[in-house]
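> just a sequence and a predicted model for now, questions to come.
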Amino acid sequence: MRKKLIISTLLVMASLAGFAHAEDKPDELVKLRKQVRTQQQQLKGLMKRLDQLEQHKQTPEPEAQPALETRVAELEAKADTLDKRVTEDSNVVRDKMAWASKTKVKADVRVRFDHDKVDNATSKNRMRFRARAGVYGNITDEIYSGIRVASGSDDRATSANQDFTNWAHEKNAWIDLAYIGYMPEYAEGLDLIIGKIKKPWIDVDSMFWDGDVNPEGASAVYDFNAGPVDFRAHGGYFIMSEGGNDDVTLTSAQLSGKVDVHENVAV
């Protein structure tokens, strides 16, 4: 009986320790703590009484024995109830915070110095930085989203670099990525995405598309295998410029394949 009481008390204390950092239901948590402290004091008194009886090899009076056992059983039941309630509240908080484990925050900063010299006559020194910060997460098992802001001297799509200039005035931050994607479980390898996204097609260099360009529109990508070849099929529709009757759009389609010909070598 003593071991069971001690274990019940420790379980309640451990549950409260794990719940202490949760901000949900603070009033209820305070009440639970008070109740637990009261139960602990009562249990401590009963355990002390039992120790005294064991040391003197005495037993309670016959009429006191049932009352003592009943009181111990009541305290034990209350401790179990409190432990169950704290565990349930802890599970509620954990479920509410589950989204945090599916969310990632990424950021990077780059600083560089440029020295340009033309015809051994004109030279120019320039310092620049690039700062980016984004939040990405899974809304459900199939739906994901992301948003990223980046520095830049202006709103050009080809660079997030910001010059050190303008008398140390505050610098701009631009929305660099903003999208929602859908990867259905029933179609493995399919990725549907809409918004301002990273380039969904594969290019070999930046001659046609600068690496900093993030097009705006909708894209579908499907990855699949055919024997030793890994294929990727892409189709997309993007808004390049919108204004009046002169909208400029881009429709893209691409099929690419990759074969591993040797260890760390693919074509």
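Arrived safely, thanks for sending.
> now the strands: where do they sit in the stretch 1-150 of the chain?
Assigned by DSSP state E, counting those that start in this stretch, the strands in the stretch 1-150 of the chain fall at 103-118, 122-138, 143-150.
> take those and write them to a markdown table, including mean pLDDT.
Below are those laid out as a markdown table (pLDDT from 0 to 100):
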| stretch | mean pLDDT |
| --- | --- |
| strand 103-118 | 88 |
| strand 122-138 | 89 |
| strand 143-150 | 95 |
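> as TSV, those with distance to Glu242 and mean neighbour count would be great.
Where you see a C-beta, it was placed from the backbone N, CA and C, and this is true even at glycine. Formatted as TSV, the strands of the stretch 1-150 of the chain follow (distance: least, Cβ to Cβ, whole Å; neighbours: other Cβ atoms under 10 Å):
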stretch	distance to Glu242	mean neighbour count
strand 103-118	30	10
strand 122-138	25	14
strand 143-150	21	18
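> in the protein, which helix has the most residues?
helix 64-96 (DSSP state H).
> show me what that one is packed up against.
Applying 3 or more Cβ pairs under 8 Å, 6 or more residues apart in numbering; DSSP states H and E, one finds that helix 64-96 makes contact with helix 2-19, helix 26-55.
> ok, of the ones you listed, where does mean pLDDT dip lowest?
Lowest mean pLDDT of these: helix 2-19, a mean of 38.
> and Gln254, how many neighbours?
14 (other Cβ atoms under 10 Å).
> and it, how far is that from Ile239?
19 Å (Cβ to Cβ, to the nearest Å).
> over to Lys84?
56 Å.
> distance to Ile197 added to the strands of the stretch 1-150 of the chain, as a markdown table?
Converted to a markdown table, the strands of the stretch 1-150 of the chain look like this (distance: least, Cβ to Cβ, whole Å):
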| stretch | distance to Ile197 |
| --- | --- |
| strand 103-118 | 16 |
| strand 122-138 | 12 |
| strand 143-150 | 9 |
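> right, and those strands - which one's nearest Phe231?
In terms of Cβ to Cβ, the element of those nearest to Phe231 is strand 143-150, at 22.8 Å.
> other SSEs contacting that closest one?
Strand 143-150 packs on strand 122-138, strand 174-182, going by 3+ Cβ pairs under 8 Å, 6+ apart.
> okay, these in a markdown table with distance to Ser151 next?
Converted to a markdown table, the helices and strands packed on strand 143-150 look like this (distance: least, Cβ to Cβ, whole Å):
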| stretch | distance to Ser151 |
| --- | --- |
| strand 122-138 | 5 |
| strand 174-182 | 8 |
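> so which of these is nearest Asp230?
Nearest to Asp230, of all the helices and strands packed on strand 143-150, is strand 174-182, at 20.5 Å by Cβ to Cβ.
> can you tell me which helices and strands that closest one packs against?
Secondary-structure packing of strand 174-182 (3+ Cβ pairs under 8 Å, 6+ apart): strand 122-138, strand 143-150, strand 190-196.
> run the chain-centre distance for the first one.
Offset of strand 122-138 from its chain centre (Cα atoms, centre = their mean, to the nearest Å): 24 Å.
> so where's the stretch 151-267 of the chain uncertain?
205-207, 262-267 (pLDDT under 70).
> could you pull out the strands for it?
For the stretch 151-267 of the chain, applying DSSP E, counting those that start in this stretch gives strands covering 162-163, 174-182, 190-196, 216-226, 229-241, 248-262, 265-266.
> can I get the ones you listed in TSV including distance to Asp119?
Compiled in TSV, the strands of the stretch 151-267 of the chain are given as follows (distance: least, Cβ to Cβ, whole Å):
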stretch	distance to Asp119
strand 162-163	23
strand 174-182	35
strand 190-196	41
strand 216-226	40
strand 229-241	37
strand 248-262	38
strand 265-266	44
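> okay then, goodbye and thanks.
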